[in-house]
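Visitor: A structural model of the following input is requested.
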Amino acid sequence: MPSKRLSLLVVCAFCLIATAAAVADIGVRGGAMYPRGDFKDFAKAGLRAEITADINMFSVPFLSTVVAFGAADFGKKETVWQQADQFYTQESKTALTGGGVGLRLEPPSMFIRPFGEALIRLASIEQDYESGIGGSELKSRTKLGYQLNAGLKFTVAPKVGLEAGATWMTFPNCKFTDKLQEVEIDLHTFGIFAGLTLGIGI
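Guide: Reported below is the predicted structural model:
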């Protein structure tokens, strides 16, 4: 499955580059992601990589369209549970792959520019689960969610920028296997990221 996620990212990168004539900035981001809420029962801290395109299609100085494709892989979470006076250690590992589209708010023509992004996300959410008593399964479900980003962008050279910020991502009503049964939770994650942008096209 990791190779499938890598192939998807490569295809998405090609699509973004192919639309360079209308793109203001193409960027890459990487960072750490931390599960929040009930999702902490199924995942540990993980890593995220993302390809972004900031497209100013309407020539609005402060507002542009942002498109993003990426993947996040969370560490393996072990949980001890009991059944019939026996203790078992279950393992759960979650991965997200998908993309999103939204709006980016950023003031122009400043060396240091604060920015904010709001995106609607569509992701394939995989859970690799082992019960500890011989049962295992790999489930993949497609869910709709949203993402909020905020940070600072630093201009280091003409058309080259560095970004750093924080992100919040939510996918409601996700189904996970826990102690041999299916439960429904909201998948919440908080993260930090840094990235590089390159201005191309118009």
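
Visitor: For the strand or helix carrying residue 123, which helices and strands make contact with it?
Guide: Per DSSP states H and E: residue 123 is located in strand 112-130. Here strand 112-130 touches strand 63-74, strand 86-105, strand 136-157, strand 160-178, going by 3 or more C-beta pairs under 8 Å, 6 or more residues apart in numbering; DSSP states H and E. (C-beta placed from N, C-alpha, C; glycine too.)

Visitor: Tell me the buried residues in stretch 161-171?
Guide: For stretch 161-171, burial by neighbour count (16 or more other C-beta atoms under 10 Å) applies to 161, 163, 165, 167, 169-171.

Visitor: make that stretch 36-46, sorry
Guide: Using 16+ other C-beta under 10 Å as the test for burial, stretch 36-46 gives 38-39, 42-44, 46.

Visitor: pLDDT (mean, whole number) over stretch 105-114?
Guide: When pLDDT is averaged over stretch 105-114, the result is 85.

Visitor: Do me a favour and get the end-to-end distance for it?
Guide: Terminal residues of stretch 105-114 lie 9 Å apart, using C-alpha to C-alpha, to the nearest Å.

Visitor: outside of that stretch, which residues touch it?
Guide: Here stretch 105-114 makes contact (C-beta atoms under 8 Å, 6 or more residues apart in numbering) with 61-64, 115-117, 150-155.

Visitor: Apply the buried test to those residues and list what passes.
Guide: Buried, going by 16+ other C-beta under 10 Å: 64, 115, 117, 151, 153, 155, out of the contacts of stretch 105-114.

Visitor: Residue 168 and residue 190 touch, don't they?
Guide: Yes: between residue 168 and residue 190 there is a contact under C-beta atoms under 8 Å: 5.6 Å.
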